[in-house]
Structures are given as structure tokens and as C-alpha cells.
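Student: Predicted model, plus sequence, below.
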Amino acid sequence: HENYLTSRTSDYIDYETTFIPYLITRQIFCGAGNILQTSRGPIYAMSQRAEHIWDGVSSATTRSRPIINTRDEPHADADVHRRLHVIVGDSNMSEYASFVKIGSAACLLRMMEASDYSLRDLTLENPARAIRDISHDISCKAKIRLSSGKELSAVEIQHELVDRAVKFSEQRGFSNEELRALEMWRH
């Protein structure tokens, strides 16, 4: 699991429009991989956790496995921070994959917290199906349906987010660690 310390503001941050599509599609560069037994025989899947995810956002963790757990346990000053608990991420022994996973998430969260910065709505029609479809598609070419009816591949969604992060960096700047993560994300 991953935990991010985010700002507690009065502004509502809609994680389903940008952050959940990012989390679901990032498995193409930081999934740990898995051999999945199916009725047609074994297949390679990019993510170990994809098969166990049933909801986008939920406070439950035992009866439904969400991508984001909304239980508010900040582990810091509760007046200033909130805890964003991400359940969907694979554990990965690769330091490179771990750094780009956490660093790219930090960049995107910083962009989302900037209330005057807009990101494209990438809300997925069915996040639980999308995470499995992407995990099973090692070509990374399968299209997933957005709520808008448009279809994009995981690579196209990641390119959209990286391009926005580059623009954000040019306009507002990132820390040295975020810049390093951004460069790795672009790669």
C-alpha cells in the first residue's frame, strides 16, 4: 500500500477524474507482473493486484478492495493534512520503478492540489474492468472506455498526464526530486 500526505483544504479533490485513471494505467511502467491461471491456461499479467480490485473509492477494505481507501487517518496534524491511502499499487523490488511510481504520483497530486490548474477529465467508465483489461494487455494497445465515451489506451492516458506535468513544471516548477521523477516518468 502507498500513503500520501495531502493538504486538507475546503476544496474538494475529485480523484476519479484524474488520479484513479493514473493509478490504473501506471501499471504499464511499475507493475510487478504475475502469472495468472485462467480457464484457457496461464497468461502473463502486468499487475499482481489488478485481479483483487473491485471499487474505485471506498472506506471498506475487507469486503471490497478499492483503488483508494478513504478512511481519514492523517498520521500527522489532522487540521492541515489528510492521508491518501492507495491500495492498488504493486510492491516492486526495482528501485527505479518504485521511485518513478511514488515520484510521478507526487507530481500529479501537486498538480491536483493547485486549485487554479485544470487537468483533463479522464474518468473511466468502469475502473475495476479497466484495471484488469490493462493488466492482461501486454501490448499496451487495448483501449479503455472513459465516461465521456472516448476510448484511450493506457499509454495515451499516461502521455496526457506526463505532458500536463511537463507544462506544470515549466509554469510553476517542481522540486529536484519531482523533476527527477518527471524525467523518469517521461522516459
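Tutor: Sure, I can see it.
Student: Alpha carbons of stretch 87-98, in CSV - could you do that?
Tutor: This file holds the C-alpha atoms of stretch 87-98, laid out as CSV (Å, rounded to 0.1, in the frame of the first residue of the first chain):
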residue,chain,number,x,y,z
ILE,A,87,-4.3,0.1,-2.2
VAL,A,88,-3.8,-0.7,-5.9
GLY,A,89,0.0,-0.4,-6.2
ASP,A,90,2.1,-3.5,-6.6
SER,A,91,5.1,-4.0,-4.4
ASN,A,92,8.2,-3.8,-6.6
MET,A,93,11.8,-4.7,-5.8
SER,A,94,13.0,-2.3,-8.6
GLU,A,95,14.3,0.9,-7.0
TYR,A,96,13.8,2.7,-10.4
ALA,A,97,10.1,1.5,-10.7
SER,A,98,9.4,2.4,-7.0
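Student: So for that stretch, what gets flagged as buried?
Tutor: By neighbour count with 16 or more other Cβ atoms under 10 Å, stretch 87-98 contains the buried residues 87-90, 92, 97-98. Glycine gets a C-beta too; all of them are placed from N, C-alpha and C.
Student: Check the gap between the spatially most central residue of the chain and residue 116 for me.
Tutor: Centroid-nearest residue in the chain: residue 23, 1.5 Å away (criterion: Cα atoms, centre = their mean). Separation of residue 23 from residue 116 (Cβ to Cβ, to the nearest Å) stands at 24 Å.
Student: what sits against residue 26?
Tutor: Contacts for residue 26 (Cβ atoms under 8 Å, 6 or more residues apart in numbering) come out as 101, 104-105, 158.
Student: quick one: which two of the buried residues of stretch 87-98 are the most distant?
Tutor: Using Cβ to Cβ, the pair of the buried residues of stretch 87-98 lying farthest apart is 87 and 97, separated by 17.8 Å.
Student: ok so, going back, now render the buried residues of stretch 87-98 as CSV, adding distance to residue 50, secondary structure and pLDDT.
Tutor: As requested, the buried residues of stretch 87-98 are exported to CSV (distance: Cβ to Cβ, whole Å; DSSP: H, G, I helix; E, B strand; the rest coil; pLDDT from 0 to 100):
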residue, distance to residue 50, secondary structure, pLDDT
87, 12, coil, 77
88, 8, coil, 81
89, 11, coil, 80
90, 9, coil, 81
92, 14, coil, 83
97, 16, helix, 93
98, 18, helix, 93
